[in-house]
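K.L.:
Provided below are the primary sequence and the corresponding predicted coordinates.
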Amino acid sequence: MITIRKSEERGHLNHGWLDTYHTFSFDQYYEAAHMHFHSLRVINEDRVAAGKGFPTHSHRDMEIITYILSGALEHRDSMGNGSVIRPGDVQRMSAGTGVSHSEFNPSDSEAVHLLQIWIMPRARNLPSSYEQKAFSEDERRNRLRLVASNDGVDGSVTIQQDAKVYAAILDRDATIEHVVSDARYAWIQMARGNITVNGNALNQGDGAAVSRESLLKIVAADEAELLLFDLA
């Protein structure tokens, strides 16, 4: 079964400096029917204006993944990490026992466009930690490139949950497949472009909850970019 969450059905807030869409309930947006999908708790599509950003704030007991689509984001946190995240980079922050951090768009002219993802961890009060890795376009071109997993396999960042996150950039008419093991689920989030999944159309910003499907056949209607979550 594939249930589509249309882009226009998401929560939407425009703060001027931040234009954000919420796939699941977050901050001022609440819908009881859209709290999470298994361990996947948050998918926010954010556009942060040039020279603006999120001031220092705190989180705990959450696996936070940032995936940049365009522009750059400067990160600082209470663990002493400081970095700039760019397209192709995957940043993972395990908030664990508690982390304070800030994000800022360092450009004076270009907005940054990103997906921020929260995954619920396997346990509370785990040690806080940070990781960032780069995955080239070639690595993601016309294939599902593993970018996050619970064991860091294949150079992916390590998350504290039985989940795998894949990224793909597809040429027009490209076809890829993903096997969903028994008793597992999947979520597909469109970053840009248009695809079909087992014949179901997904457009930019759409998401799809997948249950009781053993094989996903993804066909690009035009150039597209997506994330696929394989969840327990």
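P.N.:
Right, received. Where do you want to start? Numbering: from 1, shown residues only.
K.L.:
OK, contacts around L126?
P.N.:
D61, S94, G96, T97, Q160 (C-beta atoms under 8 Å, 6 or more residues apart in numbering). All C-beta atoms are positioned from the backbone trio N, CA, C, and that covers glycine.
K.L.:
are any of these buried, and which?
P.N.:
The neighbour count (16 or more other C-beta atoms under 10 Å) marks D61, S94, G96, Q160 as buried among the contacts of L126.
K.L.:
quick check: most distant residue from the centroid of the protein.
P.N.:
D108 (25.4 Å; C-alpha atoms, centre = their mean).
K.L.:
contacts for the helix or strand containing I169?
P.N.:
Using DSSP states H and E, I169 sits within strand 163-170. Strand 163-170 is contacted from outside by 39-40, 65, 67, 90, 117, 119, 135, 137, 140-150, 156, 159, 176, 178, 193, 195, 218, 220, 223-232, using C-beta under 8 Å, 6+ apart.
K.L.:
go through that strand and flag the buried ones.
P.N.:
A163, K164, V165, Y166, A167, A168, I169, L170.
K.L.:
will you turn the contacts of L126 into a markdown table that also has secondary structure and distance to R86?
P.N.:
A markdown table is the format used below for the contacts of L126 (DSSP: H, G, I helix; E, B strand; the rest coil; distance: C-beta to C-beta, whole Å):
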| residue | secondary structure | distance to R86 |
| --- | --- | --- |
| D61 | coil | 28 |
| S94 | strand | 21 |
| G96 | coil | 26 |
| T97 | coil | 29 |
| Q160 | coil | 25 |
